[in-house]
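Colleague: turn this into a model:
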Amino acid sequence: MEFALHPDTRIFKRHKLSEMTQEESWEQKEEPNEAEPGGGPAGDRGPVEEAAQEMMEEEEEVSAPKVAIAPPDAPKKEHVNVVFIGHVDAGKSTIGGQIMYLTGMVDKRTLEKYEREAKEKNRETWYLSWALDTNQEERDKGKTVEVGRAYFETEKKHFTILDAPGHKSFVPNMIGGASQADLAVLVISARKGEFETGFEKGGQTREHAMLAKTAGVKHLIVLINKMDDPTVNWSTERYEECKEKLVPFLKKVGFNPKKDIHFMPCSGLTGANLKEPADCCPWYTGLPFIPHLDSLPNFNRSSDGPVRLPIVDKYKDMGTVILGKLESGSICKSQQLVMMPNKHNVEVLSLLSDDVETEYAGPGENLKLRLKGIEEEEILPGFILCNAENLCHSGRTFDAQIVIIEHKSIICPGYNAVLHIHTCIEEVQIIALICLVDKKTGEKSKTRPRFVKQDQVCIARLKTAGTICLETFKDFPQMGRFTLRDEGTDFALVQILHKLRLYTFYSALFYEYNLHLHLNIKKISLCIHILHNCTHFYAFITNVDK
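Modeller: Numbers count the residues shown, from 1 in each chain. You can find the predicted model right below:
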């Protein structure tokens, strides 16, 4: 199994980073060790790798995948993070494992070993998913718990697979994976009953699609899986039925059906239409999945922009090590940077891109940085690494445009929710509703609404419990959009309009009135007028008594 895994898997798959030993050193320059089949140095094996090594010794030796090493002068392939999302049991991990096999990252003998082990546990159809679901809990239950990582290469691009959990209980883990993604693959089960369960309210198909859009994913590939199932049998009618139900919702979330979405049928179990065209569905004339990924245009990334690296994780290993995807700018060795929002000055001692040490990294790359000038305990997920010349904004109060996608009750000032922005999770309160926005014209209402409800768009003032790093959507879309969750369900998409630095006494007083009494400007003016008349009346009575 370790042959399919990205080296970072030991970090994301139930590995307590704070408990890593010195033997698990990120880099061991003094005594370089011979590389193990899993890609890490000898002695750098977690519990999963050690268990796999024991099984290998008991059975036949399994060869490591042959990964071509590019020559030093070869052009660097574009790095693309692909997150697999969708309802539980849609087949995300199975498709991921099949891709690993088809691209040569897992060989046939390894899959045969997985198949034997799965058969012994009466899990015959799960063996492909074991390339990504590495811990025993995930294998026993057949459910992904944490975001798995693996990688593969095509002729033009280098892809990292982020296998997100589909169960509702693990949505926060899925959000963490989606925040690092460049494009999303929404896996749908075409099997009778399974599609309906995943797409109805409460299913994760809707929620995952909404979260992907919020995370900044612009291109969505919808894989309609299990087309080989006896209840489907590669039926074009069933395929079109799934499409017709999905398109209106995806359009509502914000995807453009003509430009942003691509549908294709497949079978994760057999590999049909993943690498080669499937003979069983001649009615589909598009490219198979992997060739389609390779044909996508390059992402417009500028290395000249400000440095923005949201922190996904951190641990101690001969210093402080952070992990994250570089969203903007470039980072080089010995560069001086600033950790926001605590404004710690740090120096980059060394950096790794996909566990390969490098002197320079550009936007879109998954990085490990060893830093000087800050302790591991002083860093939290959601912090941002920036260049000193162009720091990101930080604060607690800001105005934002909110699109209410699905919510049963009305939302009033004082409403509390949970905010998910880039890699940060924070409690937030809507402290004031400023105006409604017409969906078609964009025109703003002149009066302040007392409440908002489903399918409405409003501009509101929000305040977080703690300080967060943020940007306006206009300046930096990736860090200027987020989702609101309540009672374990996403209900709104949000775009930050501007951050508020100060409250004046009168504006604070006004919003306090609005929060507790829901008074508009006219009512406040009337109160002031009545108070003024009462003052004059009191003066008149006093003079009469004299």
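
Colleague: residue 464 against residue 427, yeah?
Modeller: Yes - with contacts counted by Cβ atoms under 8 Å, residue 464 reaches residue 427, the gap being 6.8 Å. No exception for glycine: its C-beta is placed from N, CA and C like everyone else's.

Colleague: residues that sit against both of those two, list them.
Modeller: Shared contacts of residue 464 and residue 427 (Cβ atoms under 8 Å, 6 or more residues apart in numbering): residue 419.

Colleague: these two: which is more packed in?
Modeller: Taking neighbours as other Cβ atoms under 10 Å, residue 464 and residue 427 compare with residue 464 leading, 18 against 12.

Colleague: check whether that one sits in a helix, strand or coil.
Modeller: Classification of residue 464 by DSSP: H, G, I helix; E, B strand; the rest coil places it in strand.

Colleague: okay, now the unreliable bits of the stretch 351-500 of the chain?
Modeller: 487-491, 499-500 (pLDDT under 70).

Colleague: mind showing which ranges of the stretch 51-200 of the chain have poor pLDDT?
Modeller: Where the stretch 51-200 of the chain drops to pLDDT under 70, the residues are 51-75, 107-108, 110-116, 118-148, 163-178.

Colleague: tell me which stretches of the stretch 101-250 of the chain form strands.
Modeller: 148-153, 157-163, 183-189, 219-225 (DSSP state E, counting those that start in this stretch).

Colleague: got CSV for those, with mean neighbour count and distance to residue 92 too?
Modeller: Below are the strands of the stretch 101-250 of the chain laid out as CSV (neighbours: other Cβ atoms under 10 Å; distance: least, Cβ to Cβ, whole Å):
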stretch, mean neighbour count, distance to residue 92
strand 148-153, 24, 9
strand 157-163, 23, 6
strand 183-189, 27, 5
strand 219-225, 24, 9
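
Colleague: with distance to residue 484 added, can I get those strands in a markdown table?
Modeller: What follows is the strands of the stretch 101-250 of the chain, written out as a markdown table (distance: least, Cβ to Cβ, whole Å):
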| stretch | distance to residue 484 |
| --- | --- |
| strand 148-153 | 27 |
| strand 157-163 | 23 |
| strand 183-189 | 20 |
| strand 219-225 | 21 |
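
Colleague: identify whichever of those lies nearest to residue 252.
Modeller: strand 219-225 (13.4 Å; Cβ to Cβ).

Colleague: what residues does the closest one touch?
Modeller: Defining contact as Cβ under 8 Å, 6+ apart, one finds that strand 219-225 is touched by 90-91, 95, 182-190, 209, 212, 239, 242-243, 246, 250, 255, 260-268, 289, 292-293, 296.

Colleague: give me the buried subset of these.
Modeller: 90-91, 95, 182-190, 209, 212, 239, 242-243, 246, 250, 255, 260-268, 289, 293, 296 (16 or more other Cβ atoms under 10 Å).

Colleague: all strands for the stretch 301-450 of the chain, in order.
Modeller: With DSSP E, counting those that start in this stretch as the criterion, the stretch 301-450 of the chain has strands at 308-310, 313-316, 320-325, 331-332, 336-340, 344-353, 356-358, 360-361, 366-372, 384-387, 393-404, 415-421, 424-437.

Colleague: rebuild the ones you listed as CSV, extending it with distance to residue 101.
Modeller: Formatted as CSV, these follow (distance: least, Cβ to Cβ, whole Å):
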stretch, distance to residue 101
strand 308-310, 32
strand 313-316, 28
strand 320-325, 26
strand 331-332, 34
strand 336-340, 40
strand 344-353, 25
strand 356-358, 24
strand 360-361, 30
strand 366-372, 23
strand 384-387, 36
strand 393-404, 41
strand 415-421, 34
strand 424-437, 35
